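Chemist: Got a predicted structure here, sequence first:
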Amino acid sequence: MQQKTPKISRQSRRAIRRRNRRNLRLALGGLFEKNPVLASGLIIAPVVVAAVSLRTATALSIAMALICIPAIIVSGLISRWIPYWVTAVTATAVSTAMIIPAYLCIAPLSVHIFDALGIYFPIMAVSSLPMAYISGYRRRPRPMRWIILQAVCLAVGFAAVAFLMGGLREFIGYGTLWGFPLNTPLKITGVQLPFFGFILLGFIAAGLQGIKVLIHYIDRKKRDAQEAKTS
Amino acid sequence: MIQFYLMAVVAFWAENALFTRSLGSSWLLPMIRAPKRMAVFGLFLVGTTTLSSLSSWFVEKGLRTLEGVNLYLLRSVANLTVILVICALLCMIFRAAAPGIFHKLEKIIVASCFNYAVLGTILLSINRADSLPAHLGYGFGSALGFIFAMWTVSVGEQHLAVSRVPKSFRGLPITLVYIGLLSLAIYGMTGHQLPT
């Protein structure tokens, strides 16, 4: 005799769809709305100081992906059962262990890549990014697939900012891109210094905030127009 | 003792953790919004940085006796392990000694240990300082320099909050521009010149 699968009511299906949409929105937030560098202000130091060329930006993006993604996944897995400080120590221990594979992946980029990165490669292991998400995961545990998607989106969001900063600074500062010379009339080597990194990042963050303000304004206008139609 | 004070002054001013190397910038913004939390965080940061500098001195001495190893990688992993142990010990001690206060201090202790400023200072002082007093002075001065930077940025944020800042620049963007301008000012004041 065939066993009938229990029917899910229409209301439950709607609730599940709403929950999935919310989880998807939160997970994809790392790309734009909650970009870890431009919106949340996390992991600023490597982008401001070390992202001075496309090569170093690539290295930082690989480091961020390999070091921080596992730490975020581990903190999402264990945070609901153990105290905050134990989760933080465990996540950082995982980041520390991931430094070795990250080193092996970055080394082929260039012989001098670690001279260029300096201290900004190992300090990725003590990034505030996993700590920022531990409290959220403790309050509202999420399924593993959404945590992995969120971690990947955060890494992609970071990489986008690192490439933008590195590309601009290499082009303006040295007149090259990935070491290939371009015919630029002006080279301003001062853009390699941290102060320019801060100011450029501030302007890029303002650009993102401006886009968010514009989207919010368009949404509000649409809602007002719909309310005017119905009333 | 002179080496301690000299290195402390260098780390505080000429090589300020935030303005010259952007270390600690991630925890800066959440901390400066509450003065009491900023003060407690600053105290813990001085403690963890000085303690980590002391431990890393002995770790570095041990690492230099090894031959044929990747010192860059090993140094990073070893110092990270030192910071992990210090954080775990601090949390366990406070949890046992003062469980009521530990609940409020938990996040601040974690933030003061897992911080770019702490690990960055240790790794920088290895190249800067040849003796234990200089090493400790660099760590101590770096932490004090970060507290000074936090206070400067918090004062600036208070002024910016009452200024007419465009919507796109409110919050993080204008704070980053402000830190950038302070960084340029300190770069000039310490006698550097822009590369030509």
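Modeler: Cool, got the structure. Numbering: from 1, shown residues only, chains lettered A, B, ... in the order given.
Chemist: from here on, contacts and neighbour counts on C-alpha atoms
Modeler: Noted.
Chemist: and B:Val59, how many neighbours?
Modeler: For B:Val59, the count of nearby residues is 15 (other CA atoms under 10 Å in any protein chain shown).
Chemist: swap that for A:Ser40, sorry
Modeler: 18.
Chemist: repeat for B:Asn127
Modeler: 9.
Chemist: gap between the helix or strand that contains it and the chain center?
Modeler: For B:Asn127, the element it lies in under DSSP states H and E is helix B:116-128. Here helix B:116-128 is found 9 Å from its chain centre; the criterion is CA atoms, centre = their mean, to the nearest Å.
Chemist: Would you mind putting the CA coordinates of that helix into CSV?
Modeler: Extracted in CSV, the C-alpha atoms of helix B:116-128 (Å, rounded to 0.1, in the frame of the first residue of the first chain):
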residue,chain,number,x,y,z
TYR,B,116,44.2,43.9,13.3
ALA,B,117,45.9,46.3,15.7
VAL,B,118,47.1,43.5,18.0
LEU,B,119,48.5,41.1,15.5
GLY,B,120,49.7,43.9,13.2
THR,B,121,51.6,45.5,16.1
ILE,B,122,53.3,42.2,17.0
LEU,B,123,54.4,41.5,13.4
LEU,B,124,55.6,45.1,12.9
SER,B,125,57.6,45.2,16.2
ILE,B,126,59.5,42.0,15.2
ASN,B,127,61.2,44.0,12.5
ARG,B,128,61.4,47.3,14.5
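Chemist: Check whether the very next helix or strand once past that helix comes near chain A.
Modeler: Beyond helix B:116-128 on the C-terminal side, the first helix or strand identified by DSSP H and E is helix B:132-161. No. Remark: helix B:132-161 sits outside contact range of chain A, by CA under 8 Å from any CA of the partner chain, the gap being at least 13.4 Å.
Chemist: now the helix or strand bottoming out on mean pLDDT in chain B against helix B:132-161, angle please.
Modeler: Between all helices and strands in chain B, the lowest mean by mean pLDDT, DSSP states H and E belongs to helix B:25-32, at a mean of 78. Orientation check (axes from the mean of the first three to the mean of the last three CA atoms, to 10 degrees): helix B:25-32 against helix B:132-161 gives 60 degrees.
Chemist: now the angle from helix B:25-32 to helix B:116-128?
Modeler: Here the directions of helix B:25-32 and helix B:116-128 differ by 130 degrees (the same axes, to 10 degrees).
Chemist: Tell me the helices and strands packed up against helix B:25-32.
Modeler: With contacts taken as 3 or more CA pairs under 8 Å, 6 or more residues apart in numbering or on different chains; DSSP states H and E, helix B:25-32 sits against helix B:35-63, helix B:132-161.
Chemist: buried ones in the first one?
Modeler: Okay, so that is helix B:35-63. Of all the residues in helix B:35-63, those buried under the rule 16 or more other CA atoms under 10 Å in any protein chain shown are B:38-39, B:41-42, B:44-57, B:60.
Chemist: circling back: packing partners for the helix holding B:Asn127?
Modeler: Using 3+ CA pairs under 8 Å, 6+ apart, the elements in contact with helix B:116-128 are helix B:35-63, helix B:71-97, helix B:132-161.
Chemist: give me that answer again for 7 Å
Modeler: Contacts defined by 3 or more CA pairs under 7 Å, 6 or more residues apart in numbering or on different chains; DSSP states H and E place helix B:116-128 against helix B:35-63, helix B:132-161.
Chemist: Is it possible to get CSV of these that adds mean pLDDT and distance to A:Arg14?
Modeler: Conversion of these to CSV gives the following (pLDDT from 0 to 100; distance: least, CA to CA, whole Å):
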stretch, mean pLDDT, distance to A:Arg14
helix B:35-63, 89, 43
helix B:132-161, 90, 43
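Chemist: Distance to A:Thr96 for these - can I get that in a markdown table?
Modeler: Output for those, formatted as a markdown table (distance: least, CA to CA, whole Å):
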| stretch | distance to A:Thr96 |
| --- | --- |
| helix B:35-63 | 16 |
| helix B:132-161 | 22 |
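Chemist: Could I get the pLDDT score of A:Val49?
Modeler: At A:Val49 the predicted local distance difference test score is 92.
Chemist: got a list of what it touches?
Modeler: Listed by CA atoms under 7 Å, 6 or more residues apart in numbering or on different chains, the contact set of A:Val49 reads A:193-194, A:197, B:21.
Chemist: related to what we said a few turns ago, buried residues, the least confident helix or strand of chain B. List them.
Modeler: Going by neighbour count (16+ other CA under 10 Å), the buried part of helix B:25-32 is B:25-29, B:31-32.
Chemist: is it true that B:Gly120 touches A:Gly118?
Modeler: No. Counting by CA atoms under 7 Å, B:Gly120 does not reach A:Gly118; the two are 9.8 Å apart.
Chemist: If you count surrounding residues, which of the two has more?
Modeler: A count of neighbours by other CA under 10 Å puts B:Gly120 above the other of B:Gly120 and A:Gly118, at 25 against 16.
Chemist: quick check, A:Asp107 in a helix?
Modeler: One thing to correct before we go on: residue A:107 is Ala, not Asp. Yes. Using DSSP: H, G, I helix; E, B strand; the rest coil, the assignment for A:Ala107 is a helix.
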